[in-house]
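K.L.:
task: produce atomic coordinates for the following.
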Amino acid sequence: MTAIMNEHPPLWYSLSACEILQAGVATIALGFVVHAQAADLLVMSGGGAQRVLQTLAPQFQNATGNNVRLDFSVVGALQEKLMAGEKADVVLLPLPLLDAIEKAGAFRTQSRTVIGRIGIGVVVREGVAAPDISNSDAVRKMLLETLSVAFPDPKLTPSGKHLMGLFEQMDIAEAMQPKITLKNAIDGGVNLVRDGKVELGLFLVTEILPVKGVKLVGTLPASLQGYVVYAAAVAADSGASDAASQFVKFLSGPDVRSYWKTAGFEPPSAGN
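P.N.:
Numbering: from 1, shown residues only. Next comes the predicted model:
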């Protein structure tokens, strides 16, 4: 072994101190890149962000070499899973649900980034005349005249909870009760409208737009609206926190804002 080493001395024998230092820095940098490229991120999200994430995740993968796995659930069920200890690297949820998990110390301090807000829209089957939703009186009339309506489960979604409260506020809760079908969009709620099983639906705009065979009439008037504000956060126990933070930064960057807008997200309102 000694003879071999003398005949073929290690590379550092012939390097200057400066060159050795440069080689070491390059090796460290390369090691970081390889580590970043090898990251395997699990991203959990509510259905409101599904369309955009399915578009942007591959772009992030191609640009960084990191792998991104997407897991979509109804937001209330996702919150329950995370509170019970299920693990993810990045989570996208409506703010109130994210706040509750954050209080339990599940996310890194200052990692939360607001993505945008989504309005509740009115959807009908393609080819059906669009109802008037220009003001609160028109919406009340539409709801009383419709034979059936689908919207998300109020026990699992902020929008469903808002709508049930809205019916109470408009004093039509009792009249609406026989007409209601609770079906989350991620489970095919908008499809009920497309298939003619209900006359109209009330869902987040981002969950309406991807479905063919339906028409988005518009969003509820401001006085009746219940915006859902989505935010992203990095899990405190993520094993790939650098890559996870990079992904959140990518999602909220100006270069991809147009994707969120096209999908139905509006800029977050002041104060979020």
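K.L.:
CA only for contacts and neighbour counts going forward, please
P.N.:
Will do.
K.L.:
wasn't residue 218 part of a helix?
P.N.:
No. Applying DSSP: H, G, I helix; E, B strand; the rest coil, one finds residue 218 to be strand, outside a helix.
K.L.:
partner residues bridging residue 150?
P.N.:
Beta-bridge pairing of residue 150 under DSSP bridges involves residue 181, residue 201.
K.L.:
neighbours around it, how many?
P.N.:
Other residues lying near residue 150 total 26 when counted by other C-alpha atoms under 10 Å.
K.L.:
now the strands for the chain?
P.N.:
Counting by DSSP state E, the chain has strands at residues 40-46, 67-73, 90-94, 113-118, 120-125, 149-151, 180-182, 200-204, 214-219, 228-234.
K.L.:
can you tell me what sits against the third one?
P.N.:
Contacts made with strand 90-94 from outside it, assessed by C-alpha atoms under 8 Å, 6 or more residues apart in numbering, are listed as 41-46, 49, 75, 98, 158, 228-235, 244, 248.
K.L.:
got the contact list for residue 223?
P.N.:
Residues in contact with residue 223 (C-alpha under 8 Å, 6+ apart) are residue 136.
K.L.:
next, give phi and psi for it.
P.N.:
phi -70, psi -20 (degrees, to the nearest 10).
K.L.:
list the residues that contact the residue positioned nearest the centre of the chain.
P.N.:
Compute the mean C-alpha point of the chain, and by C-alpha atoms, centre = their mean the closest residue is residue 49, 3.2 Å away. Applying C-alpha under 8 Å, 6+ apart, we find residue 49 in contact with 92, 206.
K.L.:
next: the one 4 residues further on.
P.N.:
Taking C-alpha under 8 Å, 6+ apart, we find residue 53 in contact with residue 70.
K.L.:
cool, thanks, talk later.
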